[in-house]
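Peer 1: Need coordinates for the following:
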Amino acid sequence: MKTAVFVAVVLCLSNSLQPEAKALAEENRQLQDRAHVERRYAESTIASDISKIMDSMVQKNFVNFLLNQREKKSDHPLNQEDEEAHVNDLLKKELSSWVHSKGIRSSAQ
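Peer 2: Predicted structure coming up:
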């Protein structure tokens, strides 16, 4: 009889403790889910900030690239003009020396 009463008491206590254990387990799971969501939120915030910084750096690099290309293009025609002027001067000198050499020979003959 003592055993039956003991078993009945244990069953009653286990039945009354089981919902509390389930509630604690559910609360623990919700806390873990919230921590997981907060961690994911923090990671996505960091990733978003890094992405914005990288986009800004890429934009600045692109603008610098365009400015450098513009400077190269503006420098190139000046160099080309200088080179053409130098070639033209050399051609003029050679032509004038050729004309003078022909003029001297024709007058000597």
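Peer 1: all strands for the protein, in order.
Peer 2: Under the criterion DSSP state E, the chain contains no strands.
Peer 1: Any stretches of it with poor pLDDT?
Peer 2: 11-21, 75-81, 104-109 (pLDDT under 70).
Peer 1: which residues in it form helices?
Peer 2: Under the criterion DSSP state H, the chain contains helices at 2-108.
Peer 1: gap between the residue most central in space within it and residue 40?
Peer 2: What sits nearest the mean C-alpha location of the chain, by CA atoms, centre = their mean, is residue 54, with 3.7 Å. For residue 54, the distance to residue 40 (CB to CB, to the nearest Å) stands at 21 Å. Where C-beta positions appear, they are placed from N, C-alpha and C, glycine not excepted.
Peer 1: hang on, the earlier thing: for residue 48, see how far away the residue nearest to the centre of the chain is.
Peer 2: Distance from residue 54 to residue 48, by CB to CB: 11 Å.
Peer 1: And residue 42, by the same measure?
Peer 2: 11 Å.
Peer 1: which residues do these two both contact?
Peer 2: When contacts are counted by CB atoms under 8 Å, 6 or more residues apart in numbering, the set common to residue 42 and residue 48 is empty.
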